[in-house]
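Student: with the input below, show me the fold.
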Amino acid sequence: MFEWKQEYSVGIGIIDGQHQNLFAMARDLYAAMSTGQGKLAVGRILDRLVHYTGVHFAYEERLMQQHSYPNLAQHKAEHDALTKKVLALQADHAAGKVAMTIQLLQFLKDWLEHHIKESDHAYSPYLKAKAVV
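Tutor: As a prediction, this is how the structure comes out:
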């Protein structure tokens, strides 16, 4: 589960590397859950995820802006929604809500399956045509 595969690649080295870090976070959470340590790992992983969203999304958006990507506003709106969800999960965790581990795992799975494989793949040909690798 949560193994990086070539089908996730957008063909832009730095972005692929950042996406691989997201896969690593998901694997860490899954491994912690498998050993009964999921609840302990959630806070740490949420902190990493908040940092990741800030850095990764800013990088993608900066590339899109520099190269006049026509769907930047729509992509940024998706980033904003993902960031809002991460912050809400972090707030729920801080408030002691139960089932956070499963909820976070499902969120990460959806992010990997939908945002990377669909939305990020949509900008890939455009940026690669602009010689972004």
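
Student: and the closest residue to residue 60 other than its chain neighbours, how many residues sit next to it?
Tutor: Excluding the flanking residues, the one nearest residue 60 by C-beta to C-beta, 6 or more residues apart in numbering is residue 15, at 6.5 Å. (Glycine included, C-beta is placed from N, CA and C.) Using other C-beta atoms under 10 Å, residue 15 has 21 neighbouring residues.

Student: who's in contact with residue 15?
Tutor: 56, 59-60, 63, 120 (C-beta atoms under 8 Å, 6 or more residues apart in numbering).

Student: and it, what helix or strand is that in?
Tutor: Assessed by DSSP states H and E, residue 15 sits inside helix 13-34.

Student: the inter-axis angle of the helix or strand that comes right after that helix versus helix 13-34?
Tutor: Counting by DSSP H and E, the next helix or strand C-terminal to helix 13-34 is helix 38-66. Orientation check (axes from the mean of the first three to the mean of the last three C-alpha atoms, to 10 degrees): helix 38-66 against helix 13-34 gives 170 degrees.

Student: now do helix 38-66: distance to the chain's middle.
Tutor: Relative to the centre of its chain, helix 38-66 is centred 6 Å away, using C-alpha atoms, centre = their mean, to the nearest Å.

Student: how about the helix or strand of the chain with the lowest mean pLDDT: buried residues?
Tutor: Ranked by mean pLDDT, DSSP states H and E, the weakest helix or strand in the chain is helix 100-110, scoring a mean of 86. Residues of helix 100-110 classed as buried by neighbour count (16 or more other C-beta atoms under 10 Å): 100-101, 104-105, 107-108.
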